[in-house]
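>>> Build the 3D model from these lines:
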Amino acid sequence: MELNDLQKQRLEKLERLRARGWEPYPTRTYRTHTAAQAIAACEAGETGTVAVVGRLRSLRPMGRIIFAHIEDESGQIQLFLRQGNVDEETMETFERDFDLGDFVQAEGSLMRTRTGEISVQVSRLRMLAKALSPLPWGKEQRLGDQVVRYSALSDVEERYRQRYADLAVRPEVRELFRLRARIVAALRRFLDARGFLEVETPILQPVYGGAAARPFVTYHNQLQQELYLRIAVELYLKRLLVGGYERVYELGKDFRNEGVSFKHNPEFTMLEFYAAYMDYRDVMDLCEEMVSTVAEEVLGSTTITYQGQTIDLRPPWRRVTLRQAILEVCGIDYVQYPTAPQLIEALRAIGRQPDPRSTWGKLVDNSLLGSLVEPTLIQPTIVYDYPREISPLAKAKADDPTHVERFEFFIGGLELGNAFTELNDPLDQEQRFLEMGRLYAADDEEAHPLDMDYLQAMMYGMPPNGGFGMGVDRLTMILSNHDSIREVILYPHLRPRTGQHD
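Alright, predicted model coming up:
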């Protein structure tokens with residue numbers, strides 16, 4: 001690769017290290033304490049020898065003394081080098097050929113400096129990994145009596161492309177992904193404690209289903225078979241209810257070959273669960289309890305701030321039918337406009353210009369709910385009872401067969417999840433699949449395909465059940481107060497740089 005001037009300077013230092021017998025990338029290393037453990041030991045009165053490791057964050061030579069800071073995952077600790085405790089060559093090499101960003105190992109005794117800062121009085125120093133590229137530190141931040149440079153990359157998209165550098169220079173980003181890990185762990189604990197079994201289902205599927213979305217297509221050379229990256233795990237999880245499990249869930253990746261936005265990424269993490277002998281009202285209760293419990297566990301409170309709005313996650317949440325929610329915000333009662341042309345005219349009457357090719361269901365789901373109602377739902381809200389046309393896997397309402405027992409829940413103006421009283425009549429399910437095929441154009445890749453194996457599974461008998469799906473990325477956005485899904489995904493998908501592929 002072609003090196004810039006700064007990289008060439010560091011490469012020269014690397015070569016000098018090797019010439020002096022300092023291996024810049026040794027095979028082994030040694031550590032007795034993390035930075036936090038060493039500080040705690042000193043605070044407890046211990047002054048023995050420790051070995052600490054980490055990335056060099058500051059370096060301040062002062063004649064016969066050198067102060068430095070290294071950072072590991074637990075935090076930072078100061079190194080104190082004094083001529084006499086280490087040889088002259090080590091002092092010279094440290095000052096001349098070590099750079100900020102290098103990984104080092106330091107051994108020595110614990111002490112406090114005159115200013116009271118806990119430090120390692122170094123007796124032995126090793127290079128662990130020479131950093132040939134300087135990290136993008138820029139903004140100065142005081143660390144005790146030291147000034148250290150912390151900065152993200154200046155371009156937001158470059159931060160995502162070089163997430164490794166972003167993490168290295170921004171402690172708050174590292175903390176965000178620790179928070180995400182705690183959210184995922186809390187979700188698992190919640191469901192495990194309620195008798196759910198975590199399972200894994202295929203990512204490569206011969207028939208995609210469980211949602212209305214365009215799939216990614218791939219090809220298995222040995223089997224000579226076209227396969228799809230899953231858009232949902234629903235149909236495979238419900239097969240397990242047929243097999244005798246009563247409560248199952250999966251936390252994993254789904255893939256949808258669609259546009260990107262502040263709330264959409266082609267690859268995303270979903271939680272789906274299915275519980276026998278529950279309906280959508282039982283799932284509403286469980287949803288409220290789960291989200292509030294996770295918030296309490298990871299944040300210590302059910303009151304959060306999202307984009308300047310104070311949000312109370314404590315149950316019970318507001319519950320409103322889809323028909324009423326749209327009527328309140330838009331003044332349109334969609335039941336009064338039973339065809340797509342009629343609903344398009346109603347939307348035009350309030351100043352909207354929907355796609356004239358849209359189906360009636362897409363107009364309700366996207367033009368009314370998604371565009372107009374969703375942004376107004378700041379406090380936790382459950383919107384329930386959806387038209388049958390846009391819910392092919394949900395059980396019809398007993399008193400209104402044009403609508404089904406389905407709900408979505410919204411927080412902070414974002415849709416976070418979707419749930420049903422699941423359809424368990426195989427004959428009705430087959431008719432729904434066929435209806436969807438007729439409603440959507442033949443080339444509409446969002447149409448739900450007919451899954452004969454799933455119908456065969458249902459023929460063996462599926463218990464009544466409630467199902468639930470939630471975007472883990474979006475939950476993390478809400479609980480971490482971020483308004484872009486790219487911030488909460490370590491490696492979000494990005495367009496290629498101009499003239500090259502990433």
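>>> Regarding R432, what is its secondary structure?
Per DSSP: H, G, I helix; E, B strand; the rest coil, the local secondary structure of R432 is helix.
>>> do Y491 as well
Here Y491 is recorded as coil under three-state DSSP.
>>> For the residue nearest to L393 when sequence neighbours are not counted, list the residues it contacts.
Closest residue to L393 apart from its sequence neighbours, by C-beta to C-beta, 6 or more residues apart in numbering: L423 at 5.6 Å. Quick note: C-beta positions are derived from backbone N, CA and C, even for glycine. Residues in contact with L423, defined by C-beta atoms under 8 Å, 6 or more residues apart in numbering, are L393, A394, K395, Q429, R432.
>>> what about L423, distance to P206?
22 Å (C-beta to C-beta, to the nearest Å).
>>> can I assume M91 is in contact with L81?
Yes: counting by C-beta atoms under 8 Å, M91 does reach L81; the two are 6.3 Å apart.
>>> list residues touching both of those two?
In terms of C-beta under 8 Å, 6+ apart, M91 and L81 are both contacted by the residues I66.
>>> And those two? Which one has more around it.
L81 (25 against 22; other C-beta atoms under 10 Å).
>>> which parts of stretch 224-242 are buried?
227-242 (16 or more other C-beta atoms under 10 Å).
>>> For that stretch, output the C-alpha coordinates as PDB.
Extracted C-alpha coordinates of stretch 224-242, given in PDB (Å, rounded to 0.1, in the frame of the first residue of the first chain):
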ATOM      1  CA  GLN A 224     -28.100 -25.900  -8.100                       C
ATOM      2  CA  GLN A 225     -30.700 -24.000  -6.100                       C
ATOM      3  CA  GLU A 226     -31.700 -20.400  -5.800                       C
ATOM      4  CA  LEU A 227     -31.800 -19.300  -2.200                       C
ATOM      5  CA  TYR A 228     -32.900 -16.200  -0.300                       C
ATOM      6  CA  LEU A 229     -31.400 -14.400   2.700                       C
ATOM      7  CA  ARG A 230     -34.200 -14.400   5.200                       C
ATOM      8  CA  ILE A 231     -36.400 -11.400   5.600                       C
ATOM      9  CA  ALA A 232     -37.900 -12.700   8.900                       C
ATOM     10  CA  VAL A 233     -37.800 -15.900  11.100                       C
ATOM     11  CA  GLU A 234     -41.500 -16.100  11.700                       C
ATOM     12  CA  LEU A 235     -42.500 -19.100   9.600                       C
ATOM     13  CA  TYR A 236     -39.600 -21.300  10.900                       C
ATOM     14  CA  LEU A 237     -40.300 -20.400  14.500                       C
ATOM     15  CA  LYS A 238     -44.000 -21.200  14.100                       C
ATOM     16  CA  ARG A 239     -43.100 -24.600  12.700                       C
ATOM     17  CA  LEU A 240     -41.500 -25.300  16.100                       C
ATOM     18  CA  LEU A 241     -44.900 -24.800  17.800                       C
ATOM     19  CA  VAL A 242     -46.200 -27.500  15.600                       C
END
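>>> OK, contacts around E200?
E250, G252.
>>> So which elements touch the longest strand belonging to the chain?
Across the chain, the strand with the greatest residue count (assigned by DSSP state E) is strand 49-62. When contacts are defined as 3 or more C-beta pairs under 8 Å, 6 or more residues apart in numbering; DSSP states H and E, strand 49-62 packs onto helix 35-43, strand 65-72, strand 75-82, helix 88-97, strand 103-112, strand 118-129, strand 146-150.
>>> will you turn those into JSON lines that also has distance to A165 and mean pLDDT?
Conversion of the helices and strands packed on strand 49-62 to JSON lines gives the following (distance: least, C-beta to C-beta, whole Å; pLDDT from 0 to 100):
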{"stretch": "helix 35-43", "distance to A165": "21", "mean pLDDT": "98"}
{"stretch": "strand 65-72", "distance to A165": "15", "mean pLDDT": "97"}
{"stretch": "strand 75-82", "distance to A165": "18", "mean pLDDT": "97"}
{"stretch": "helix 88-97", "distance to A165": "22", "mean pLDDT": "95"}
{"stretch": "strand 103-112", "distance to A165": "15", "mean pLDDT": "97"}
{"stretch": "strand 118-129", "distance to A165": "15", "mean pLDDT": "97"}
{"stretch": "strand 146-150", "distance to A165": "12", "mean pLDDT": "52"}
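>>> picking up where we left off before, from the contacts of L423, which single one is nearest Y306?
Proximity of the contacts of L423 to Y306 was ranked by C-beta to C-beta; the top entry is A394 with 28.9 Å.
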